[in-house]
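Engineer: 3D model of this:
(2 chains)
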Amino acid sequence: MPILKQLSVFVQNRPGKIERLTGILAESKINILAFNIASSGEYGVIKMIVDKPELANKKYKEAGLTSYLSEVLGIVMKDKPGGLNYLAKIITKNKLNVENAYVYVPKSRKNAMLIIDVRDIKEAKQNLAFDKKL
Amino acid sequence: MGAEPYTEETRKKIEDILKVKVYNSYGLTEMNGPGVAFECEYQDGMHLWEDSYLMEIVNPETGKQLPEGETGELILTTLTREGMPIIRYRTRDLTFIIPGKCKCGRTHRRISRIKGRADDMFIIRGVNIYPQQIERVLMSVAHVEKNYQIYLEDGDKIKVKVEITKKLFDGNLDNLKKLQCDLTENLKTEILVRPNVELVEPGTLPVSEGKAKRVFDNRKIY
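Structural biologist: Residues are numbered from 1 along each chain as shown, chains lettered A, B, ... in the order given. Here you go, the predicted model:
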């Protein structure tokens, strides 16, 4: 159950933003593992899990973008029907308030990873670890 | 007619449509309100009531007195007031004293239509606003320093664009929405009109050479 670095970037809601963000990563040979957009009218926040988060953050800052590195929790689950539901039951049981969540499925497809954004990552990790199956 | 900018064309239009004569007038609350200067029947400059107000035109930067015909800042001193006399009040209005005699025969000298301001004050929906007021609110609510610009649009709308720099962003969209809301409400409380606060990416606001231009007045003057 790793703690991962999540890259958040502030962008205005205009065409070409995703192209620009992904272009910068491609140029630096950084691979995107998960991608999520939250928007509110005129602007939004694009969140990503990449394989080289510190480098990506540095490249974005050099390009003049407003980016931020934060921590999120990655929970492995079975890539089968019921995989996410099983996890959801545990999250509810532990009374975790999930602010944001998205999924990353690696090539192997043996399992998938649920990425959750919670207020207190360390506490969440501790509580969830008690449920042995994780 | 006075108080806010309008063109000679508009004055003539009103005269044609309403079939009345329209006289330009100049005044300010700090004197007695409207009528500190007023046009006569020849509508060629506003006679300032020099028996009530002593007028001077100065260079707004150096304070040096300027002769008739040269544009500068109008300074007024009350001559007949008792309760609250005002001495050398800097109006920040730019104008010049029209040299020569008026055809009407009055010896009170005339000033031209106001040419502009010697400061950054602008008027929105009848309210005087200084960019410094907006800057103060942006600073106190969100520590926004110089990364903002003010746009005045037709319909007397005011838009404040704020660059979201590193220190204003913690990755959370809800916090940005809250910031936008806080800025809007605090600005409205300070300047009395509700602005449209827009959050923009850093580097998107046009950079000006020399002294930073903060207010872009895109309103058409009618």
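Engineer: CA only for contacts and neighbour counts going forward, please
Structural biologist: Will do.
Engineer: what does chain B have sitting close to chain A?
Structural biologist: B:164-166, B:169-173, B:177, B:198-203 (Cα under 8 Å from any Cα of the partner chain).
Engineer: nearest to residue B:130 among the residues you listed?
Structural biologist: The shortest gap between residue B:130 and any of the residues of chain B next to chain A belongs to residue B:198, at 19.1 Å (Cα to Cα).
Engineer: what number of residues lie near that closest one?
Structural biologist: The number of residues packed near residue B:198 is 19, by other Cα atoms under 10 Å in any protein chain shown.
Engineer: can you select the buried ones among the residues of chain B next to chain A for me in PyMOL?
Structural biologist: The PyMOL command for the buried members of the residues of chain B next to chain A (criterion: 16 or more other Cα atoms under 10 Å in any protein chain shown) is given here:
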select buried, chain B and resi 164+165+166+169+170+171+172+173+198+199+200+201+202
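Engineer: just the ones in strands from the residues of chain B next to chain A, please.
Structural biologist: Per DSSP state E, strands hold the following members of the residues of chain B next to chain A: B:198-200.
Engineer: and of the residues you listed, the nearest to residue A:130?
Structural biologist: For those, the nearest to residue A:130 is residue B:199 (42.6 Å; Cα to Cα).
Engineer: residues contacting the closest one?
Structural biologist: A:12, A:42-43, B:161-164, B:180 (Cα atoms under 8 Å, 6 or more residues apart in numbering or on different chains).
Engineer: what about burial for these, which qualify?
Structural biologist: Buried among these (16+ other Cα under 10 Å): A:12, A:43, B:161-164, B:180.
Engineer: tell me how the chain divides into domains.
Structural biologist: Using chain A here. A:3-70, A:72-129 (automatic domain parsing).
Engineer: should've been chain B
Structural biologist: Domain segmentation of chain B under automatic domain parsing yields B:8-117, B:122-217.
Engineer: pLDDT wise, what is residue B:137 at?
Structural biologist: Residue B:137 is assigned 93 on the pLDDT scale.
Engineer: what does chain A put close to chain B?
Structural biologist: Within reach of chain B by Cα under 8 Å from any Cα, chain A has these residues: A:7-12, A:38-40, A:42-45, A:64-70.
Engineer: just the buried ones from the residues you listed, in ChimeraX syntax?
Structural biologist: To isolate the buried ones among the residues of chain A next to chain B in ChimeraX, judged by 16+ other Cα under 10 Å, type:
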select /A:7,8,9,10,11,12,43,44,45,65,66,67,68,69
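Engineer: ok, back up a step: out of the ones in strands among the residues of chain B next to chain A, who's nearest residue B:34?
Structural biologist: Using Cα to Cα, residue B:198 comes nearest to residue B:34 of these, at 36.7 Å.
Engineer: now do the same contact list for the closest one.
Structural biologist: Residue B:198 touches A:42, B:159-162, B:180, counting by Cα under 8 Å, 6+ apart.
Engineer: check pLDDT for those and point me to the minimum.
Structural biologist: Scoring these by pLDDT puts residue A:42 last, at 92.
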